[in-house]
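Visitor: Sequence and predicted structure, then a few things I'm wondering about:
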Amino acid sequence: MSERVDHPIILGIVGDSASGKTTLSSGVAAILGEEHCTVFCTDDYHRYDRKARAAAGLSPLDPRANYIDVLEQHLRLLRSGEPILKPVYDHTHGTLDQAEYVKPKDFVIAEGLLGYTTRSMRDCYDVKIYLDPDEDLRLKWKIHRDTTRRGYTRHEVLEELKRRKPDSANFIHPQRTFADIVIRFRRARGANGSDAQLDVRHILRPTLPHPDFTPLFDGSSNAGMHMELARDRDGKPVDVLEISGNISDDRAERIEDLLWNLIPEAGHLRDQVGRIEGGNGAGKSHPLALTQLLVSYHAVKAAMGVRAY
């Protein structure tokens, strides 16, 4: 028997810079209901502003450039239902702004670079997601974001990526091993079009009780979706769910219906998922919608006290 838990559900979304964390977070919050969600960025815990960081020779990916101990404390407080006075980092100007009073709602979505850095932090999460898109996609997304929203030139973005590469390998990528689900968006082979057509690969680790997708493999055409038992990088068994960016509307809706039926509380928000913003990626992505739904499903089940076997 499961029973509803008596603390806010903490959902972690971690990944390298411009890996899609904010897009996933906003979609999940829309499904769960924004009035029930507190969304905050763990990157606000930078120890230095942009100028001081550069002078110290540190990147924001380095834990030494962040108040990791304060983030640990704040995650514990939020999980206990207590408010925090959260620091605020202005990503456009690279400055430290006035702190913000944050009170946890039913769900707390914590997204950022270093959310799984320590054991103490990891113990605070009910669901842990790691975003691991193909590097060429992340590069495209980062250039677009930093040149249109953060005042960088393309050359500056590329130079910064070069400087950050060792820190990505040392501090960001190792967090992948702690996630319940690893999500990789990638272009279909030979494709170079809209982000709405990206494939997605979900590595589903047995640390969570994942939905039963068996009804979707009933002998009819399985085009657009594939599931298999595989081995992760560490050799441990995982389920791998792959969804094609070219999946048909009918097929995608069958999968969406399965997930929506498992979280009926959010059914009135169906039109909010899978939205792609900006550039030639405008529109709806079925793989993104299904990813947002799967993550939301796990948040709802965690709130109901459903655990892995």
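Guide: In hand now; what should we look at?

Visitor: which residue ranges form the strands in the stretch 51-200 of the chain?
Guide: Secondary structure of the stretch 51-200 of the chain (DSSP state E, counting those that start in this stretch): strands at 84-90, 95-102, 107-112, 127-131, 181-186, 199-204.

Visitor: what does stretch 201-219 rub up against?
Guide: 127, 179-184, 186, 222, 225, 227, 232, 236-243, 254-255, 258-259, 262, 291, 294, 297-298, 301, 306-309 (C-beta atoms under 8 Å, 6 or more residues apart in numbering). Bear in mind the C-beta positions are built from the backbone N, C-alpha and C, glycine included.

Visitor: Any quick PyMOL command for the buried ones out of the residues you listed?
Guide: With 16 or more other C-beta atoms under 10 Å as the criterion, this PyMOL line picks the buried residues out of the contacts of stretch 201-219:
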select buried, resi 127+179+180+181+182+183+184+186+225+227+238+240+241+242+243+254+255+258+259+291+294+297+298+301
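
Visitor: my read: residue 228 touches residue 240, true?
Guide: Yes: between residue 228 and residue 240 there is a contact under C-beta atoms under 8 Å: 5.5 Å.

Visitor: hang on, the earlier thing: the contacts of stretch 201-219 in helices, which ones?
Guide: The helices, defined by DSSP state H, take in 254, 255, 258, 259, 262, 291, 294, 297, 298, 301 from these.

Visitor: The last one: what's it in contact with?
Guide: Taking C-beta under 8 Å, 6+ apart as the criterion, residue 301 is in contact with residue 209.

Visitor: quick one: it from residue 186, how far?
Guide: 27 Å (C-beta to C-beta, to the nearest Å).

Visitor: Would you mind listing the residues in contact with residue 28?
Guide: For residue 28, the contact set (C-beta under 8 Å, 6+ apart) comprises 11, 37, 109, 292, 295, 296, 299.

Visitor: where does the first one sit relative to residue 243, distance-wise?
Guide: This means residue 11. Counting by C-beta to C-beta - residue 11 and residue 243 are separated by 21 Å.

Visitor: next one: the last one
Guide: Going from residue 299 to residue 243 by C-beta to C-beta gives 20 Å.

Visitor: the helices in the stretch 51-200 of the chain, which residues?
Guide: Along the stretch 51-200 of the chain, counting by DSSP state H, counting those that start in this stretch, helices occupy 68-79, 119-122, 135-148, 154-167.

Visitor: Buried residues in the third one, which are they?
Guide: If I follow you right, that is helix 135-148. Under 16+ other C-beta under 10 Å, the buried positions of helix 135-148 are 137, 138, 140, 141, 142, 143, 144, 145, 146.

Visitor: Out of those, flag the one nearest to residue 170.
Guide: Nearest to residue 170 out of these is residue 138 (C-beta to C-beta; 17.2 Å).

Visitor: so what's the closest one up against?
Guide: Neighbours of residue 138 in contact, by C-beta under 8 Å, 6+ apart: 16, 17, 18, 19.

Visitor: would you say the second one is within a strand?
Guide: No: secondary structure of residue 17, determined by DSSP: H, G, I helix; E, B strand; the rest coil: coil, with no strand assignment.

Visitor: Just give the number of residues close to it.
Guide: 22 (other C-beta atoms under 10 Å).

Visitor: what about the nearest residue to it once chain neighbours are set aside, distance to residue 15?
Guide: Computed as C-beta to C-beta, 6 or more residues apart in numbering, the closest residue to residue 17 that is not its neighbour in sequence is residue 142, at 6.0 Å. Distance of residue 142 to residue 15, computed by C-beta to C-beta: 12 Å.

Visitor: same question, residue 260
Guide: 26 Å.

Visitor: Look at those two and report which has more neighbours.
Guide: Neighbour count, other C-beta under 10 Å: between residue 260 and residue 15, residue 15 has more, with 26 against 19.

Visitor: What about the nearest residue to that one once chain neighbours are set aside, how many residues nearby?
Guide: Leaving aside its chain neighbours, residue 15 sits nearest to residue 131 (3.3 Å; criterion: C-beta to C-beta, 6+ apart). Here the number of neighbours of residue 131 (other C-beta under 10 Å) works out to 24.

Visitor: Any idea what residue 131 is bridged to?
Guide: residue 15, residue 183 (DSSP bridges).

Visitor: so it touches residue 18, yeah?
Guide: No: with contact defined as C-beta under 8 Å, residue 131 does not count as touching residue 18 (9.9 Å).

Visitor: Many thanks, have a good one.
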